[in-house]
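In: Quick one, structure for this:
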Amino acid sequence: NAANNNVRIHHNHVAQNGNFGGTGGGVSLYTGALNYQVTNNFICGNFAQTHGAGIGHLGRSNNGLIADNTIIFNQSFNQGQNVSGGGVFVGGAAGLTVNALTPGAGSVTIDGNLIQGNHAAAGDGGGIAADHINGADITSLTFAQWNNLDILNNMIVNNVAGLAGGGISLQDTAKVRIVNNTVANNDSTSTVSTAFLNNPNESEPQPGAGILARAHSAGLTSAIAATNATILYKRGFSNPSALRNNIIWHNRSFYWSVSNATDPATFGLIPDVGAGAAPVYSDVAVLPATLGYLNPSYSVLTDVTGYPAGNFNISTDPLFVDEVLNGDRGQTIIQPEFTTSLTTAPAFDEGGNFIDVRYGPLSLSGNYHLQTTSPGINRALPFTGVPRLQQDFDNAQRLSLPLPLPWDIGADEVR
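Out: From the prediction side, this is the model:
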């Protein structure tokens, strides 16, 4: 325990730093930073060979806050192992004894950040990766005291994951709420070594390019099964207790393939949108899919097929002020453009993660606020008991008091 409590990191420009050990390329937080606040920083262009290129939180630091930051164009990559969290990584450290549960990460709130263009090139969670938030707290604390992750009011856009979960990935995160976020135009490329399951020349496409929930580890599954927690948390994957009021829109899933039909061989991402192929969208998913499914409500989704009508989801274009899609590194387009491909450069003589995905534009393009004609206006259900949700991405008051008026879907409350 570092006993480094009540730290305030705010109003800094944190750019072009790097690491090759530990966690966090720009900002690092380790066990014992209770009640920390990382707020109002500009965190850009940092690189990590470990988890969390922009911000890395590793170990139990309860009551952490990451809010109102601009977290853009950070990259995590390791040739020899899978590392996650291009923008933000929050996770628990290893247990103190062999086979022991992790102490977890503590309770953390991620609120009101712009998380854009980050790249988890060797793992999950291009925007945010949550890993082992829960562990020993399941067995030693009451349900109300379990570590909790709140992801609120963020714009999580144009991020890329080399494996899955281009926007958000969840692993061993038993108690999480994802409310009033905009998760749009994120991509998952399946270019990590673990995506090549059956064919060394072709990876397996991964679902959940917007939000991905993975199966709990065996240890956490056993710990939850031994408690008297409600049935919701007894499910075998990171299942949010609230997945509500979010825009989860046009998140694309790719895979990588080599064709030996020509000499030299050709390679690239599929679908090849540059050749006119239609994008494959996969907004939310559970891996493995046999465990079940995520259950969004009062949200804008690319496709609402299969969700109950009582969840009040819609699949109409949310009408952002100005959105941008990822494409070639040199592009300067601002409007949505489906015909510009991400590019890849392989190194066939290397083991492990041998594909470098390049994309752009690397500039603060787009505006993911809503137009005044957006179908998401007045379609969200107010969320009580979480004071931070009373304000939107811009820290403006949501229209809910004194009467329970409807909110707008997504991070932005139109005024």
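In: rest of the way, CA atoms for contacts and neighbours
Out: Fine.
In: how about low-confidence regions in the stretch 151-300 of the chain?
Out: The stretch 151-300 of the chain contains residues with pLDDT under 70 at 228-234.
In: swap in the stretch 301-415 of the chain?
Out: 331-335, 337-338, 349, 351, 400-404.
In: Would you map the strands across it?
Out: 320-322, 343-346, 355-358, 367-370 (DSSP state E, counting those that start in this stretch).
In: can those go into CSV with extra columns for distance to His51?
Out: Listed next are these as CSV, based on distance: least, C-alpha to C-alpha, whole Å:
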stretch, distance to His51
strand 320-322, 31
strand 343-346, 22
strand 355-358, 17
strand 367-370, 27
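In: Dump these to TSV, plus mean neighbour count and distance to Val273.
Out: TSV is the format used below for the strands of the stretch 301-415 of the chain (neighbours: other C-alpha atoms under 10 Å; distance: least, C-alpha to C-alpha, whole Å):
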stretch	mean neighbour count	distance to Val273
strand 320-322	15	21
strand 343-346	15	11
strand 355-358	20	15
strand 367-370	20	23
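In: So for Phe77, which of those sits nearest?
Out: When the strands of the stretch 301-415 of the chain are compared for distance to Phe77 using C-alpha to C-alpha, the nearest one is strand 355-358, at 9.5 Å.
In: Where do the helices of the stretch 151-300 of the chain begin and end?
Out: Here the stretch 151-300 of the chain has its helices, by DSSP state H, counting those that start in this stretch, at 218-225.
In: can you pull out the strands in it?
Out: Using DSSP E, counting those that start in this stretch, the strands assigned to the stretch 151-300 of the chain run over residues 155-157, 160-161, 168-171, 176-179, 182-184, 187-188, 211-214, 242-244, 247-249, 252-253, 255-259, 266-270, 284-287, 300-301.
In: Please identify the most buried of those.
Out: Neighbour counts (mean count of other C-alpha atoms under 10 Å) averaged over each of those peak at strand 160-161, with a mean of 38.
In: Neighbouring strands - and their directions - for it?
Out: The strands beside strand 160-161 in its sheet (DSSP bridges) come out as strand 119-120 (parallel), strand 187-188 (parallel).
In: The residue most central in space within the chain pairs with what?
Out: Centroid-nearest residue in the chain, with C-alpha atoms, centre = their mean: Ile168, separated by 1.6 Å. In this structure, Ile168 bridges to Ile128, Ile211 when assessed by DSSP bridges.
In: these two touch, right, it and Gly210?
Out: Yes. Using C-alpha atoms under 8 Å, Ile168 is in contact with Gly210, at 6.3 Å.
In: quick revisit: tabulate the strands of the stretch 151-300 of the chain (a markdown table), appending distance to Gln391.
Out: Listed next are those as a markdown table, based on distance: least, C-alpha to C-alpha, whole Å:
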| stretch | distance to Gln391 |
| --- | --- |
| strand 155-157 | 14 |
| strand 160-161 | 28 |
| strand 168-171 | 22 |
| strand 176-179 | 12 |
| strand 182-184 | 15 |
| strand 187-188 | 28 |
| strand 211-214 | 23 |
| strand 242-244 | 16 |
| strand 247-249 | 17 |
| strand 252-253 | 29 |
| strand 255-259 | 38 |
| strand 266-270 | 40 |
| strand 284-287 | 25 |
| strand 300-301 | 20 |
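In: Asn199 is nearest to which of those?
Out: Judged by C-alpha to C-alpha, the one of those that comes nearest to Asn199 is strand 255-259, at 9.4 Å.
In: related to what we said a few turns ago, quick one: contacts for the residue nearest to the centre of the chain?
Out: Listed by C-alpha atoms under 8 Å, 6 or more residues apart in numbering, the contact set of Ile168 reads 124-130, 210-212.
In: Then Leu269?
Out: Residues near Leu269 by C-alpha under 8 Å, 6+ apart: 189, 254-257, 342-344.
In: Now tabulate the strands paired with strand 160-161 in a markdown table and tack on distance to Ser363.
Out: Shown next, in a markdown table, are the strands paired with strand 160-161 (distance: least, C-alpha to C-alpha, whole Å):
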| stretch | distance to Ser363 |
| --- | --- |
| strand 119-120 | 14 |
| strand 187-188 | 17 |
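In: Alright, I will stop here.
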